[in-house]
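Engineer: Please find the sequence and the predicted model below.
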Amino acid sequence: APPSRTEGLLRLSADCCTGRNDGLCEEAGYYVSKRWMKTLLLVLSVVFLFFRETGSFSLPLRMSAESLSTHGLNVHRGAFTSAECDKMVTMMKKLPVQRDVRVQEAVSRFNYFDMTDNRFSEADGNCPYDWIYERVMEFAKEEGEPSPVQWGFNVKESTLQTFSKNIEFVLLHEFQGDKGDFFDWHIDTKPGDGTGRTVNINVMLSEAGKDYEGGGLYVGDADVQPKKGDLYWYPANYPHKVGDVTSGLRHTFIIAMKTDELTRLASDYWVRAEKNFQSICGTTIPAKALETPAPKKEGVPPKWHMLRGEHFASQGREDDANDAYADAYGATEQAADYAKKFDEDGQRMVAAGKMKESLGYFKMACRVDPGNPLYESHRAAIETALESVEQKKKEAKGAVGFEGE
């Protein structure tokens, strides 16, 4: 059988290399060049299509998940290109803007919310966020087992439609340096609030040190240090903060995930939250979800303890909440002043004849400044007095019962 064109070219090539058939080498080179030209055109076509979709010739860096010290925090470095980040900022800034300043929650920033049905992926492919959702799902499906976070649905088997149906809202956060924007330590959900919130998904859209200064992101005891294009998520009930932005503009794209409240209650979502508080705070509290309470840590931000107290209070665990609040006061530089104030308030309650109410103040004084002999003596005196009153009531009831027989 006659040789194929490929076989013929290989033979010509071999002959050229050995000095034979010199006259045919030019023809061989022509065919090889033509073949390489087709390959080059194919590669350029792929690059052009990528540029048309992303606006950039830079490819996203595909790196493995980086699990930092806070369990449940997952960081995927370079998940989005710089051009894709700019595209998100442009897209989100078409939405109405809200100036968000709340003194009590210690937050100052700008929000561009989308709570419309546009955030839901539909079969017609008109959702403007589908390409972002797909990227997030791609990384989420690479998580190990068991999943570090409680999504509230099977994210690994979800479609675009099921994923988007579990989105509460999408949002662009803008922190402006000239306004000193920030968001102090907070959590986004507590037991019993009915929100069903589960996971916060973030994409960093600005470059620290170039687009803005300050504005560090902290999730629990983890300093995330996100770079432009990084994708990261963590449970919405974990303490997190954005430090003061001192100059420039800091943008982040947010996807707030949710599930129904019954699914959240049936999972170990709140147990994980409590274990996280245990890990970052340490405690003197015998939390029911934990077998061995850890010793109280030094240098813990007081707000962590306060948030933990709110977590307990929302579950009706008053004693645990008061212990956490006491840890918050005790972690401040004014701990001695707080303890003195609690003791003085207790004495005022006693003077007003409110002995039961006074005990709570004396206990707080002892919790904030443990080992203080004055506060301990006041607490012990009230406890003894209250026990004596209860004993007399029991004796009185017994006497009445004997006489009636």
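Structural biologist: Nice, I can see it.
Engineer: can you pull out the strands in the stretch 151-300 of the chain?
Structural biologist: 167-176, 182-186, 197-204, 212-214, 217-219, 222-223, 231-235, 240-242, 245-258 (DSSP state E, counting those that start in this stretch).
Engineer: Can I get the longest one in PDB, CA atoms only?
Structural biologist: Presented in PDB, the C-alpha positions along strand 245-258 are these (Å, rounded to 0.1, in the frame of the first residue of the first chain):
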ATOM      1  CA  VAL A 245      -9.500  50.900  56.000                       C
ATOM      2  CA  THR A 246      -7.200  53.900  56.200                       C
ATOM      3  CA  SER A 247      -7.000  54.700  52.500                       C
ATOM      4  CA  GLY A 248      -8.300  53.700  49.100                       C
ATOM      5  CA  LEU A 249     -11.300  51.400  48.300                       C
ATOM      6  CA  ARG A 250     -11.700  47.800  49.500                       C
ATOM      7  CA  HIS A 251     -14.300  45.700  47.600                       C
ATOM      8  CA  THR A 252     -15.600  42.200  48.300                       C
ATOM      9  CA  PHE A 253     -18.300  40.200  46.700                       C
ATOM     10  CA  ILE A 254     -20.500  38.300  49.200                       C
ATOM     11  CA  ILE A 255     -22.800  35.400  48.800                       C
ATOM     12  CA  ALA A 256     -24.900  34.700  51.900                       C
ATOM     13  CA  MET A 257     -26.000  31.100  52.000                       C
ATOM     14  CA  LYS A 258     -29.000  29.800  53.900                       C
END
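Engineer: quick one: it to strand 167-176, angle?
Structural biologist: Relative orientation of strand 245-258 versus strand 167-176 (axes from the mean of the first three to the mean of the last three C-alpha atoms, to 10 degrees): 180 degrees.
Engineer: Which neighbouring residues are in contact with the residue positioned nearest the centre of the chain, exactly?
Structural biologist: The chain has Y234 as the residue nearest its centroid, 3.3 Å off, counting by C-alpha atoms, centre = their mean. By C-beta atoms under 8 Å, 6 or more residues apart in numbering, the residues touching Y234 are T70, G72, L73, N74, V149, V199, N200, V219, H240. Where C-beta positions appear, they are placed from N, C-alpha and C, glycine not excepted.
Engineer: got the contact list for the last one?
Structural biologist: What that stands for is H240. W185, H186, I187, N200, L217, Y218, V219, G220, Y234.
Engineer: could you measure it against K179, distance?
Structural biologist: For H240, the distance to K179 (C-beta to C-beta, to the nearest Å) stands at 21 Å.
Engineer: same question, S108
Structural biologist: 6 Å.
Engineer: And for A351?
Structural biologist: A351 is 48 Å from K179, by C-beta to C-beta.
Engineer: which of these two has more neighbours?
Structural biologist: K179 (13 against 9; other C-beta atoms under 10 Å).
Engineer: For L172, state which of the contacts of H240 is nearest.
Structural biologist: Of all those, N200 has the smallest distance to L172: 14.0 Å, by C-beta to C-beta.
Engineer: How about residues contacting stretch 188-199?
Structural biologist: So stretch 188-199 is contacted by 149-152, 166, 168, 200, 233-237, 256-261, 263-264, 269-270, 310-311, 314-315 (C-beta under 8 Å, 6+ apart).
Engineer: before we move on, the earlier item: looking at the contacts of Y234, which one is closest to Q347?
Structural biologist: H240 (39.7 Å).
Engineer: And the closest one, how far from P146?
Structural biologist: Taken as C-beta to C-beta, the span from H240 to P146 is 22 Å.
Engineer: do A266 as well
Structural biologist: On the measure of C-beta to C-beta, A266 and P146 end up 15 Å apart.
Engineer: Give me the more crowded residue out of these two.
Structural biologist: Shown here are A266 and P146; by other C-beta under 10 Å, A266 has more neighbours (11 against 8).
Engineer: do you know how far that one is from S314?
Structural biologist: 18 Å.
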